[in-house]
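Novice: Sequence plus predicted model, see below.
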Amino acid sequence: MPLFERSANDEILGRGWVRQIEWFNEIDSTHSAARRSLQENPACELPCLLVAQQQTAGRGRGGRRWWSPDGCLMLTLVLPSQALPEDSNLWSQLALVTGLAVARTVTTSLPNKTVQLKWPNDVYAHGKKLAGILIESANVRRTQLDTATAACWLVGIGLNVNVDWSDAPREVASKATCLSSLVSRPLEVHVVLVELLDELERVLQSWRLGDTSWLSQWRDRCLLTGKVIHVRQPPEQELIGVCEGLDASGRLIVRNEQGVQLLSAGEVLAWQ
């Protein structure tokens, strides 16, 4: 195990929240690796963390390719359903809560930069994309004797820390940024990782216990509020209107000629 991984491994496990860690120099994607790991070892202790230095088939929402170079912190945190609120109606907020944790983490490194959240799963800094989040569920049989499966949650985060944009696809380089570009110096990836996990633990635990203060914090960081947005909704609908923030359930509020629309799913294609 390289020195970076060894020091981070000991520090993370020593905090007692994450129970197991898998490190990869290169992997197809941490989400895919997490699913394989759950199949091979369904009784593994959770939360479990998977971290990759490079991904060859990283993906975002809708199966889209996620450019995953060295210098991008790429991880999947496997959570048991017990880490979420008892009310399963709230589970759809997991991406929003995770995004807030990422934003709060990077704000410590970017005190003079505006860190914002783009509904439902992106983090922006200085007007460019800094991080993306992918949430998926997985059902596993915890032991060989179980006849029922238990739900787990795969919390995927791709955070640009120290990225060489000269190698990036032109479209990515024009729309994305990284922490080192914003602070004009490289950062220690393992330090960012430890800080991010600490913040995730705090925010998730508070959310699980019923604290709703995360919502007002999210609203304060909303990138889209007051802007005219173009949203694609499943299966093939599109909507244009003015964003009025989030409602109490985390749905996006959009006002157009038909009135107020509350969106629980969709992709924001453009805003102005």
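Specialist: The structure has been received and is ready for your questions.
Novice: which residues of the stretch 1-150 of the chain fall in helices?
Specialist: Using DSSP state H, counting those that start in this stretch, the helices of the stretch 1-150 of the chain run over residues 3-15, 30-40, 94-107.
Novice: Low-confidence ranges, this structure, go.
Specialist: 1-4, 6, 59-66, 141-149 (pLDDT under 70).
Novice: Dump the strand of greatest length in it to CSV, restricted to CA.
Specialist: In the chain, with assignment by DSSP state E, the single longest strand is strand 128-140. In CSV, the C-alpha atoms belonging to strand 128-140 read as follows (Å, rounded to 0.1, in the frame of the first residue of the first chain):
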residue,chain,number,x,y,z
LYS,A,128,-17.6,26.1,-13.0
LYS,A,129,-18.2,22.5,-12.1
LEU,A,130,-16.1,21.3,-9.3
ALA,A,131,-17.7,18.0,-8.2
GLY,A,132,-20.4,15.6,-9.2
ILE,A,133,-22.5,13.1,-7.2
LEU,A,134,-24.0,9.8,-8.3
ILE,A,135,-26.4,7.9,-5.9
GLU,A,136,-27.5,4.4,-6.6
SER,A,137,-29.1,1.6,-4.5
ALA,A,138,-28.0,-2.0,-4.3
ASN,A,139,-29.7,-4.9,-2.8
VAL,A,140,-27.6,-7.5,-1.1
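Novice: and of the helices of the stretch 1-150 of the chain, who's closest to Ala265?
Specialist: Set against Ala265 and scored by Cβ to Cβ, the helices of the stretch 1-150 of the chain come closest in helix 94-107, at 10.6 Å. Quick note: C-beta positions are derived from backbone N, CA and C, even for glycine.
Novice: which other helices and strands contact the closest one?
Specialist: strand 115-118, strand 122-125, strand 128-140, strand 150-160, helix 189-208, helix 213-220 (3 or more Cβ pairs under 8 Å, 6 or more residues apart in numbering; DSSP states H and E).
Novice: mind putting those in a markdown table, distance to Ser29 and mean neighbour count included?
Specialist: Output for those, formatted as a markdown table (distance: least, Cβ to Cβ, whole Å; neighbours: other Cβ atoms under 10 Å):
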| stretch | distance to Ser29 | mean neighbour count |
| --- | --- | --- |
| strand 115-118 | 22 | 22 |
| strand 122-125 | 18 | 23 |
| strand 128-140 | 9 | 19 |
| strand 150-160 | 8 | 23 |
| helix 189-208 | 17 | 18 |
| helix 213-220 | 27 | 15 |
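Novice: With distance to Ser88 as extra columns, can I get these in TSV?
Specialist: Below are the helices and strands packed on helix 94-107 laid out as TSV (distance: least, Cβ to Cβ, whole Å):
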stretch	distance to Ser88
strand 115-118	23
strand 122-125	25
strand 128-140	11
strand 150-160	9
helix 189-208	12
helix 213-220	18
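Novice: Domain-wise, how is the chain divided?
Specialist: 3-220, 228-271 (automatic domain parsing).
Novice: Pick the most buried one from those.
Specialist: domain 3-220 (a mean of 17; mean count of other Cβ atoms under 10 Å).
Novice: Quick one: end-to-end distance for stretch 244-264.
Specialist: 14 Å (Cα to Cα, to the nearest Å).
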